[in-house]
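[1] Fold the stuff below for me.
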Amino acid sequence: MKNKKCISILIPDGQDFLAVPVINCLASSYQFKIYLLSNLKYTPLRFSRFVDHFLFSPKTENDEDWINTIDKIVENHDIDFILPVSEDSIRKLILHKSKLKAAKKLMLLPELDNFDTANDKALLSQHLHTYDIPHPKGCLVSNMAELNKIATLNFPVISKPTIGYGGGKHIHLFKNMDTLKTHFKNNNFLGIHIIQEYIEGYDIDCSVLCKAGEILAYTIQKGIVSDASGFSPSNAHVFVQEPKLFSVVEKLIKTLNWSGIAHIDLRFDENAQQFKVIEINPRFWLSVEASLNAGFNFPELSHKISMGHTFERPKVNECTYWSLRGLKLKVKQEKKVLLRWKFMLTHTGLKFVIKDPVPIIYRFFALRFGKIKSVHEFPN
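    Presented below is the predicted three-dimensional model:
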């Protein structure tokens, strides 16, 4: 007989690297039984001690086959809750929600139009302009001839594809028109690009859980350790309170009538002295473990709100959190940190490795032997 105190959760996109921090958060509450569906037969999470059941189903181009697979797993294993982690899976589940028999067990999600507005930088830019929400000045280009449209912008500028490509990939900074044109002469456009004026200031993010345009839980985190490009996710965060930033995010969420989780990238404009919205990640985020360290278990809270439960908003722990990569950089700069064992176990990703070491060992050897090229990829 099923243990009523144990909540069974199905992650239907277990091949995505974002499943790792989400599972670490779920495991920290000790009340979930985790089922992982993956279209890759061998992934690090197959060997996780936190995963109770690993299920493999080959990748299919037919979304309905995937939906049917989810329904079969929900029925066969008496699943309580379906928790997708990536934007691709979230969009498919929104799109085919009417065909999912277990739709009532699905994580709270936004409407399709609102999801697409958030996920497409071109649509988001138009939305921000329409509702007078602070954002960088920019324009859209899709070929060399359209580069003349940016004559109204002040250099330096940033160029990035309007959809797809996370983690700072294909984002470039240009100091003048000559370097911009040279870049696009030598590289494919990869679809429509948005070119925006570069904002002098600093990056700051807001993670939210919402229902019908109301923010029920949130954290605000400022990145303090980034790579040389400055466009990749930060390797360390400090959690802060910023009422002016929250008012900007609150308006954004309300105008999108957003439901579910999201991670909003903003930048503080030192010249205008205001926070400006850069983009929205309508999915779980890589630093969700950092939010957990600040007192917010977003995967757990998502389950509660999706199932109609209420909760008291946690109090933010204004802490600093270092990812494993950030810890590695910190050790290079300050070797004495290795002696601060309590710090490493409470404010870094090391604690998750100690609790569940096999997946990261598997990923290390996959990297070493060329099975994957990035720590954000899973081997097959």
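[2] Next SSE downstream of the helix or strand harbouring Ile220?
    Here Ile220 sits within strand 214-225, counting by DSSP states H and E. Remark: after strand 214-225, the chain's next helix or strand is strand 236-240, criterion DSSP H and E.
[3] what's the following helix or strand after that next one?
    Next helix or strand after strand 236-240 toward the C-terminus (DSSP H and E): helix 243-256.
[4] Partner strands of the next helix or strand after that next one and their direction?
    Note on helix 243-256: by DSSP H and E, the next helix or strand toward the C-terminus is strand 260-269. Strand pairing for strand 260-269, using DSSP bridges, gives strand 201-211 (antiparallel), strand 274-281 (antiparallel).
[5] Let me know which of these is the nearest to Ile133.
    Ile133 sits nearest to strand 274-281 of all these, at 5.9 Å, using CB to CB. Every residue, glycine included, has its C-beta placed from N, CA and C.
[6] Looking at the strands paired with strand 260-269, spot the one closest to Tyr131.
    Nearest to Tyr131 among those is strand 274-281; the distance by CB to CB comes to 10.4 Å.
[7] Isn't Ser29 up against Glu300?
    Yes: in this structure, Ser29 is within contact of Glu300 by CB atoms under 8 Å, at 5.0 Å.
[8] more crowded one of these two?
    Each of Ser29 and Glu300 has its neighbours counted (other CB atoms under 10 Å); Glu300 has more, 18 against 13.
[9] Extract the CA atoms of whichever strand or helix holds the more buried one and return them as PDB.
    For Glu300, the element it lies in under DSSP H and E is helix 298-306. Extracted C-alpha coordinates of helix 298-306, given in PDB (Å, rounded to 0.1, in the frame of the first residue of the first chain):
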ATOM      1  CA  PHE A 298      10.800  26.500  -5.200                       C
ATOM      2  CA  PRO A 299      10.200  22.900  -6.500                       C
ATOM      3  CA  GLU A 300       8.500  22.000  -3.200                       C
ATOM      4  CA  LEU A 301       6.500  25.300  -3.100                       C
ATOM      5  CA  SER A 302       5.500  24.700  -6.700                       C
ATOM      6  CA  HIS A 303       4.000  21.400  -5.600                       C
ATOM      7  CA  LYS A 304       2.100  23.000  -2.800                       C
ATOM      8  CA  ILE A 305       0.600  25.900  -4.800                       C
ATOM      9  CA  SER A 306      -0.200  23.600  -7.800                       C
END
